[in-house]
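1. got a structure for you, letters missing:
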């Protein structure tokens, strides 16, 4: 199993991708990594570190795609970037997966352009983990498709079901359609047309509302990329905001330093369930390959988890299952 | 100043509306209330209570619109309901405002049908207060208009600005357009067409993202009713969910009774900023009158605040300002 790692993406390259890759090698003996990026920079970062040289290869890709760069120009203009070079290697069969904490737009565009779509897939989607009271559940689309047609929603539901079950480890995941009310006749014309299509899925539980996310009334929250992206970013802001609110209240309370410390610890532990590091990355579902993107600020631990997640994606043949699900008998 | 109060709406009628109305009378000497609903029920609730009889009148409206009832059939079929009767009295000039914690859909439909729209208004909107780190700010549309055209967004921004300034008390409120990124070219075609229209407003700060809500990067969060309703209900679920998460963490930790007590107090204080009771109700902006709806579970205090909010709405001539803003020179 060979996974390519973008060593020139995210806010802390090359260090975090390099360290994360070495940590991943320590966790799986059957894993090899390709570190893609400016060679000299990567070699310098590797200097003095202890690792199995037989399982690590540096791929020189001197061009760097920045976080703010326009996806299409980056992909077309920078053939020697870590993203393009890694995906080309995957396309040729040199590796089986790719992870990056770089420019999401560029990564999505390059993944679709270079790897192509799986047979039968109308539109690839970004599926993201969302913390709930029951653990991480799946929100999709998270921003790749701002407008979604009914038959595309149906595909998203099928792809999400497989990912949620096989990668997030949720038994018999259920699908809910984000809407403004539970009743079938609620929502826009588009959602009203989508509902009957989704009913053909045995795991569709109907419409869900904003209040159903945290209690995870369904395991998959199906929505267009506009709703998904706004929810995702709002959700990501909750821990910091809640912490700020709690801290401000604590200032006003008359408590001993011991209690203050205990409360801070408790809050920290609790909000850690929101920590993206535990998940690692989010996949582009529907591309003909394995491509995951992580948070720009990914720590080595987050990148390690993203690499292991990509490897599991390959292990359990998520893509073959998607093809079977979309093209097989309903 | 006379405000009609729906004494047959919400989860706890007639008690909470009756008690809330009496509390409001105690706060403003120049206020009178009409209590609308089944007369015998209201009179029974008033029995033995101390209030200024000259400032309270019961309007017998024996038909009750339930929470689950379809708005249009309720409005057309129940002419003798508290909602329809109160709005008719407002239309005739017998009172200046109406508050209800009943069926939002029925209330919106009846308000538009009976009161009509203000001159120049394309679509009335539901504007809701949203708790942020800076205090309550304004989210609109919150579910009345699932699809919004650019010129309607512009009107929402203008109406929201007046409400946010004159009722929520925010000096020089700014408008942000909810989107998936900050850049002008982000989002759907609809949002791309809306952006240049909004630029004519001196208080438009551009696109905002989900992460900008809690820090209140703008004071008004402008979105369609689909995004707004999902965000609103998700937001409402945060206090209970965070509380459950903190309680679960506490169970796992070995904490003293003192810490347990301190934590409960801390959570209570902090999450109180999310308490809808502090706000009271949300207005239908753009109708030719004053009509506010509150949470179904509204306490007497919430209803009192909603009545005072309706009175302030009249005091500061929100509607006249809206008409001037929409029809006057830009």
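-> Arrived safely, thanks for sending. If you're wondering where the values come from, they're calculated on a predicted model, not measured in any experiment. Numbering: from 1, shown residues only, chains lettered A, B, ... in the order given.
2. hang on, isn't residue A:281 packed against residue A:292?
-> Yes. Judged on Cβ atoms under 8 Å, residue A:281 makes contact with residue A:292 at a distance of 3.8 Å. Heads up, the C-betas are built off the backbone N, CA and C, glycines and all.
3. for the closest residue to residue A:316 other than its chain neighbours, give its distance to residue A:325.
-> Leaving out its chain neighbours, the residue that sits closest to residue A:316 by Cβ to Cβ, 6 or more residues apart in numbering or on different chains is residue A:166, at 4.7 Å. Separation of residue A:166 from residue A:325 (Cβ to Cβ, to the nearest Å) stands at 11 Å.
4. residues of stretch A:189-208 that come out buried?
-> A:190, A:191, A:194, A:195, A:198, A:203, A:204, A:205, A:206, A:207, A:208 (16 or more other Cβ atoms under 10 Å in any protein chain shown).
5. list the contacts of it.
-> A:148-151, A:153-154, A:157-158, A:161, A:172-179, A:181-187, A:217-218, A:221-222, A:330 (Cβ atoms under 8 Å, 6 or more residues apart in numbering or on different chains).
6. follow-up on the earlier one: can you list residues touching both of residue A:281 and residue A:292?
-> A:99, A:306, A:309, A:310.
7. which helix or which strand is home to the second one?
-> Using DSSP states H and E, residue A:306 sits within helix A:300-315.
8. just how off-centre is that helix within its chain?
-> Helix A:300-315 sits 11 Å away from the centroid of its parent chain (Cα atoms, centre = their mean, to the nearest Å).
9. is any part of the strand or helix carrying residue A:72 close to chain B?
-> Using DSSP H and E, the element containing residue A:72 is helix A:71-77. No. Contact between helix A:71-77 and chain B is absent, the nearest approach being 11.9 Å (criterion: Cβ under 8 Å from any Cβ of the partner chain).
10. all helices of the stretch 51-200 of chain A, in order?
-> Here the stretch 51-200 of chain A has its helices, by DSSP state H, counting those that start in this stretch, at A:71-77, A:82-92, A:104-110, A:150-166, A:189-198.
11. okay, the ones you listed in CSV with mean pLDDT next?
-> Supplementary listing: the helices of the stretch 51-200 of chain A in CSV, determined by pLDDT from 0 to 100:
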stretch, mean pLDDT
helix A:71-77, 79
helix A:82-92, 96
helix A:104-110, 91
helix A:150-166, 97
helix A:189-198, 97
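12. wait, residue A:136 touches residue A:168, no?
-> Yes. Applying Cβ under 8 Å as the test, residue A:136 and residue A:168 come out as touching, 5.8 Å apart.
13. go through the helix holding residue A:72 and flag the buried ones.
-> For helix A:71-77, by 16+ other Cβ under 10 Å, it's A:71, A:74, A:75.
14. so what secondary structure elements neighbour that helix?
-> Helices and strands touching helix A:71-77, by 3 or more Cβ pairs under 8 Å, 6 or more residues apart in numbering or on different chains; DSSP states H and E, are helix A:82-92, helix A:104-110.
15. now it: how far from the chain's centre is it?
-> 21 Å.
16. same thing with stretch A:18-36?
-> 19 Å.
17. and that stretch, what's buried?
-> Result for stretch A:18-36 [16+ other Cβ under 10 Å]: buried residues A:18-25, A:28, A:31-36.
18. tell me the SS of the closest residue to residue A:46 other than its chain neighbours?
-> Leaving aside its sequence neighbours, residue A:46 sits nearest to residue A:18 (Cβ to Cβ, 6+ apart; 6.3 Å). Of the three states, residue A:18 takes helix under DSSP: H, G, I helix; E, B strand; the rest coil.
19. neighbours around residue A:80, how many?
-> 12 (other Cβ atoms under 10 Å in any protein chain shown).
20. for chain B, see how far away it is.
-> Separation of residue A:80 from chain B (Cβ to the nearest Cβ, to the nearest Å) stands at 27 Å.
21. measure residue A:205 to chain B for me?
-> Noted for residue A:205: a distance of 17 Å to chain B, by Cβ to the nearest Cβ.
22. name the SS class of that residue, please.
-> Residue A:205 - assigned by three-state DSSP - is strand.
23. who are the neighbours in contact with the residue lying closest to it once chain neighbours are set aside?
-> Nearest residue to residue A:205, sequence neighbours excluded (Cβ to Cβ, 6+ apart): residue A:174, at 4.8 Å. Going by Cβ under 8 Å, 6+ apart, residue A:174 touches A:203, A:204, A:205, A:218, A:219, A:220.
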